[in-house]
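J.: Using only what follows, build the 3D model:
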Amino acid sequence: VQLQASGGGLVQAGGSLRLSCAASGRTLSRYGMGWFRQAPGKEREFVAGITWNDSITYYRDSVKGRFTISSDNAKNTVYPQMNSLKPEDTAVYYCAASNGRLTDDEREYDYWGQGTQVTVSS
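T.: Below you'll find the predicted structure:
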């Protein structure tokens, strides 16, 4: 599976960004797709995820109500819509595919895309 992340950028606090993760290479219907982020000097953390086959979603508490993740199965693309962004959302964001289930444990993810930088200014 190849994953291509895009959509990062610089935005003011309170603004919005939509990231994209385009997947290719295998049948994805049984995969869980997760987004993680890593801020400077911090460990990588789970942000949100979705299953391809039934669109079950899962969010970390700090982004609930602000981030919405969706998928377009025809395009094999996952979109996290990030609203009401805060400076603490600044990080490199990564998409990843888990073979079999959706989880917040990065060790369960088999495939990773390159990161995309999100910077939120105050």
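J.: Give the burial count for residue 7, as a bare number.
T.: When neighbours are counted by other CB atoms under 10 Å, residue 7 registers 16. In this view, the C-beta of every residue, glycine as well, is placed from N, C-alpha and C.
J.: Please verify my assumption that it contacts residue 35.
T.: No. Using CB atoms under 8 Å, residue 7 is not in contact with residue 35, being 11.0 Å away.
J.: list residues touching both of these two?
T.: Both residue 7 and residue 35 are contacted by residue 19, under the criterion CB atoms under 8 Å, 6 or more residues apart in numbering.
J.: what helices or strands is the helix or strand encompassing residue 22 leaning on?
T.: Per DSSP states H and E: residue 22 is located in strand 20-24. Contact here means 3 or more CB pairs under 8 Å, 6 or more residues apart in numbering; DSSP states H and E; on that basis strand 20-24 packs against strand 2-6, strand 31-38, strand 77-82.
J.: With mean neighbour count, mean pLDDT and distance to residue 61 added, can I get those strands in CSV?
T.: Formatted as CSV, the helices and strands packed on strand 20-24 follow (neighbours: other CB atoms under 10 Å; pLDDT from 0 to 100; distance: least, CB to CB, whole Å):
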stretch, mean neighbour count, mean pLDDT, distance to residue 61
strand 2-6, 16, 94, 23
strand 31-38, 23, 94, 14
strand 77-82, 21, 96, 15
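J.: now the ones you listed as JSON lines including distance to residue 46?
T.: As requested, the helices and strands packed on strand 20-24 are exported to JSON lines (distance: least, CB to CB, whole Å):
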{"stretch": "strand 2-6", "distance to residue 46": "15"}
{"stretch": "strand 31-38", "distance to residue 46": "6"}
{"stretch": "strand 77-82", "distance to residue 46": "12"}
